[in-house]
Every structure is written in C-alpha cells, then in structure tokens.
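Visitor: here's a sequence, model it:
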Amino acid sequence: MSPARDVPALVASVIDVGSNSVLLLTVELDAGGRARQRDAALVTTRLGSGLEVGGPLDRAARTRTRDAVVALAGRARSHGASRLWGFATGAARRARDGRDFASELTQAAGCPVAVLSGDEEAALAYAAIRHACAEQARTLLAVDVGGATTELTLGRGEAIRGVASLPLGALALTERDGDVAAEVARVLADERLLASARAAGAVVAASGGTATALAALDLGLETYQPARVHGHSLAAASLAGIARGVRTDLPGVLDEGRAHILPAGALVLAGVARAAGAAALQVSEHGVRHGYLRQRLAMEGVDADLRALWD
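Guide: Got it, this is the predicted structure:
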C-alpha cells in the first residue's frame, strides 16, 4: 500500500477596496475546507473622499488606492496565495469612473477586481455574518456600515426577506456639511426594512470597521484581537459615548483615519438599532470580504469553513 500523501494547503486571498480603506484577508484551508487566517491588513486610502454621486473619483485617492491594492496583492502572493480576488464597493459604484478604476486595478494588481452592487454587498455581509455567528434560528438583520453607504439585509436562515443600500457612509457623513444626526434620522425614517425587523424581533448584527472599532474600544483592548471582538455585544445606547471618548493613541486598535469617521458611523449604528427595536448589537468580525471569499471558493467547488479563523 502506498503511503498517504500530504494534501497541499490551499491559500486564498481577497482584497476589499472600500470607500475609506482597503483590506486584505489571506486564509489557508486544509483538505476539509477548514480555514485559518494566515494574514490580514488594512490601509486607509479614502477612495470616496469628496465624491459626489455620479462624479469622478479624486485623482490622489485613486493613486493611493491603486498603490495599496498593488502592495497588498504582492503581500498575498508572498504568503503563498494561489487564488486572489478583489472587489470594490460604495465609492466605485457611485463614481462615474468607478468601473474604469476597477479595470485599472485589475491590470495593475494582476487579479480580477469586481464592482459590487449595493444588493450584492448587502447579501454577502448577511451570508458572512450568518455563517460566522452562533445565532442561526432567529430572524437576523445584518448591518454593514461602510465609508460611502450602509447595507441592510433582513432574513432568516438562507431566506433573505429584503436588502437595502442606504446613502449613510461614515466617511461621506463626516465630510458632509450639516447635522449628521438629523440626516441619519431622515434616511432611516423612510426605511421599511427596519420596521419589518422590529416587527419580527430580529437579532441585529453589525460588521464593518465602525462596528469592530467600537467593540475593540468597548472591550478596552490595547491591541486588536479579532477573536474577542467577534461576537461582542454592544449596547446601542452606549455607541455615541464610545465614539465621543475615542482615543487616537491606540495604533494597534484604531488608526487615525477610522478615529476621524467613527462618530458618524456610531450614529448610523445607533439609529439602525433604535429603528429596529434592538437594545444591543452583536458584532461580527466577519464581513463582506469573508462572504466574497467563500462565494468565490464555492464557485471552484470548495466549501470553505471560516468560523474558526483564529483558533
């Protein structure tokens, strides 16, 4: 009988080109599809800075973002990634040259970079949260606060009841003149998906940089620990207070770019929780990039289990 051969690990990476930051996730999967995180990184580039809907991306922001994506693609390959995908979200889909920029990134980084619609982004956030969080039986409202938009998905199990992409991004709100709280309240007041979530008694779970930063601060972490952030419960009434007391001397937890936009993001999360009738939000460290990575791997016949990334 021939000796059993070791099955080589599959290493896969995804690059999330957001409106405020670019994120990298690289995982190693064993033969059974169980994943371990090999590398992760974040670069704040503010691609959506100063962007008007239908307007062009800022030239300097394009350059910063392209440089970051190329560097992170190289970093992924240095960690052995044989599969590498990228996607862009709010800023790219709202800008008139967003798809051209995604094509530029594809060429520069040597990996495909897709532009997600708001509905696609919302559904991926829901899929990632549902996969990663223990709560599976109840109705779930998934909330992902980005730099340009906030995505909502209401569902139960695999059945999605509704999605919405709202013009409430933490970066966009921070740069906007006027009363941010009033703008958040105005947009959320017209969102029927939140009324449905309240009527269903939905569990509210949040992903994205706003939620994870607030959780890290609430936990008093000196260095960012994803395993502790993931699943942390944030009292909705405390969100604004956490953001107001933000410390900018915690580079391992909160970079200056996130600190600057965190108060606006906290107002969005607090408003969503209030409209959905939730006293607390469950924080998910898994977000759109995890959902996208699982989706792409599934297209290659790999059923990836990302639930124990940090074990």
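
Visitor: would Ala142 count as being in a helix?
Guide: No. Secondary structure of Ala142 (DSSP: H, G, I helix; E, B strand; the rest coil): strand, not part of a helix.

Visitor: partners of it in the sheet?
Guide: In this entry, Ala142 is beta-bridged to Thr153, Ala205, by DSSP bridges.

Visitor: neighbours of it, how many?
Guide: For Ala142, the neighbour count with other C-beta atoms under 10 Å is 30. The C-beta positions use only the backbone N, C-alpha and C, and glycine is treated the same way.

Visitor: do you know the pLDDT at it?
Guide: Note on Ala142: pLDDT of 96.

Visitor: tell me the contacts of it?
Guide: Listed by C-beta atoms under 8 Å, 6 or more residues apart in numbering, the contact set of Ala142 reads 122, 125-126, 129-130, 151-155, 205-207, 284.

Visitor: repeat that for Trp85.
Guide: Trp85 makes contact with Ser13, Val14, Ile15, Cys111, Pro112, Val113, Ala114, Tyr292, Leu293, Arg296 under the criterion C-beta under 8 Å, 6+ apart.

Visitor: can you do 10 Å?
Guide: 12-15, 76, 111-114, 289, 292-293, 295-297, 299 (C-beta atoms under 10 Å, 6 or more residues apart in numbering).

Visitor: repeat that for His230.
Guide: By C-beta under 10 Å, 6+ apart, the neighbours of His230 are 132-133, 207, 212, 215, 282-286, 307, 309-310.

Visitor: from the residues you listed, pick the one nearest Ala60.
Guide: Thr212 (26.9 Å; C-beta to C-beta).

Visitor: which residues does that closest one contact?
Guide: Counted by C-beta under 10 Å, 6+ apart, Thr212 has contacts 206, 224, 226, 229-230, 232, 253-254, 258, 283-285, 287.

Visitor: which ones among these are found in strands?
Guide: Ala206, Val283 (DSSP state E).

Visitor: distance to Ala35 and pLDDT added to the contacts of Thr212, as TSV?
Guide: Compiled in TSV, those are given as follows (distance: C-beta to C-beta, whole Å; pLDDT from 0 to 100):
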residue	distance to Ala35	pLDDT
Ala206	22	96
Tyr224	19	89
Pro226	13	92
Val229	18	95
His230	14	94
His232	21	95
Val253	24	76
Leu254	26	76
Arg258	26	84
Val283	20	96
Ser284	16	95
Glu285	13	94
Gly287	15	95
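
Visitor: narrow the contacts of Thr212 to those that are buried.
Guide: Neighbour counting over these (16 or more other C-beta atoms under 10 Å) leaves Ala206, Tyr224, Val229, His230, His232, Val253, Leu254, Arg258, Val283, Ser284, Glu285, Gly287 as the buried ones.

Visitor: could those go into a markdown table alongside distance to Ser103?
Guide: As requested, the buried ones among the contacts of Thr212 are arranged in a markdown table below (distance: C-beta to C-beta, whole Å):
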| residue | distance to Ser103 |
| --- | --- |
| Ala206 | 32 |
| Tyr224 | 33 |
| Val229 | 34 |
| His230 | 34 |
| His232 | 39 |
| Val253 | 35 |
| Leu254 | 33 |
| Arg258 | 28 |
| Val283 | 34 |
| Ser284 | 31 |
| Glu285 | 31 |
| Gly287 | 25 |
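
Visitor: if I look at His290, how far off is Leu124?
Guide: Note on His290: its distance to Leu124, by C-beta to C-beta, to the nearest Å, is 8 Å.

Visitor: next one: Glu175
Guide: Taking C-beta to C-beta, one finds Glu175 at 26 Å from Leu124.

Visitor: do Leu57 as well
Guide: In terms of C-beta to C-beta, Leu57 sits 22 Å off from Leu124.

Visitor: from what I can see Ala31 touches Ala9, true?
Guide: Yes. The pair formed by Ala31 and Ala9 meets the contact definition of C-beta atoms under 10 Å, at 8.2 Å.

Visitor: neighbour count winner among the two?
Guide: Legend: neighbour count by other C-beta under 10 Å for Ala31 and Ala9, higher for Ala9 (16 against 10).

Visitor: that one and Gly80 touch, don't they?
Guide: Yes. Using C-beta under 10 Å, Ala9 is in contact with Gly80, at 8.1 Å.
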